[in-house]
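Q: this one's sequence-less:
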């Protein structure tokens, strides 16, 4: 991120033995620099200057989100899907101007349903599964039942050569069953 180049540019070219050097701010995309610290837990006051007396000093850069995430929601919830069907989830990270918008998805049982990094859920086999959307420590879940949709075909049982018949098909075992 060009940190060492900035430090080098900020440093004087000649040092006096007792001169101090002011530490520059570090950069990290989507974060705000909060200071240099002497320990990884970021306790105490930030270090702003170093000198010859600090020889061997190890510093840690602390970053905070520029605009932190406050929640994540799943916008188009559904409770049931058919085996082999796919469904695109939509989600919202709040606030809308949060620095980090990347959402991670997970399936509690990938043998029943999977979800990819674009939020596409795929029904694999019958069963129940929990889909989780997570962003910066916030998460929402969606409980889904994957059902096996069978088709019931009805109509005359006998067909004679040269005749036409009317068949009707109905999807069964699905909450949104429809006639075909």
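A: Everything's here; your move. Fair warning: this is a prediction, and the values are worked out from it, not measured in the lab.
Q: Can you report how many residues neighbour residue 109?
A: 16 (other C-beta atoms under 10 Å). Yep, even glycine has a C-beta here, placed from its N, CA and C like the rest.
Q: cool, residue 167 as well?
A: So residue 167, with other C-beta under 10 Å, has 10 neighbours.
Q: roughly how far apart are it and residue 154?
A: Counting by C-beta to C-beta, to the nearest Å, the gap from residue 167 to residue 154 is 7 Å.
Q: Over to residue 104?
A: Note on residue 104: its distance to residue 154, by C-beta to C-beta, is 46 Å.
Q: Over to residue 43?
A: 75 Å.
Q: for residue 98, same thing?
A: 54 Å.
Q: Isn't residue 85 up against residue 123?
A: Yes - assessed by C-beta atoms under 8 Å, residue 85 is found in contact with residue 123 at 5.0 Å.
Q: who has more neighbours, the two?
A: A count of neighbours by other C-beta under 10 Å puts residue 123 above the other of residue 85 and residue 123, at 24 against 15.
Q: hey, what's that one bridged with?
A: residue 113 (DSSP bridges).
Q: surely it meets residue 145?
A: No - assessed by C-beta under 8 Å, residue 123 is found out of contact with residue 145, at 9.4 Å.
Q: what residues are shared contacts of the two?
A: residue 81 (C-beta atoms under 8 Å, 6 or more residues apart in numbering).
Q: circling back: residue 104 and residue 154: which has the busier surroundings?
A: residue 104 (13 against 10).
Q: Could you pull up the residues touching that one?
A: 117, 133-135.
Q: make it 7 Å
A: Each residue near residue 104 by C-beta atoms under 7 Å, 6 or more residues apart in numbering is listed here: residue 134.
Q: do the one 3 residues further on as well
A: Contacts were defined as C-beta under 7 Å, 6+ apart; by that measure residue 107 touches 113-115, 129, 131.
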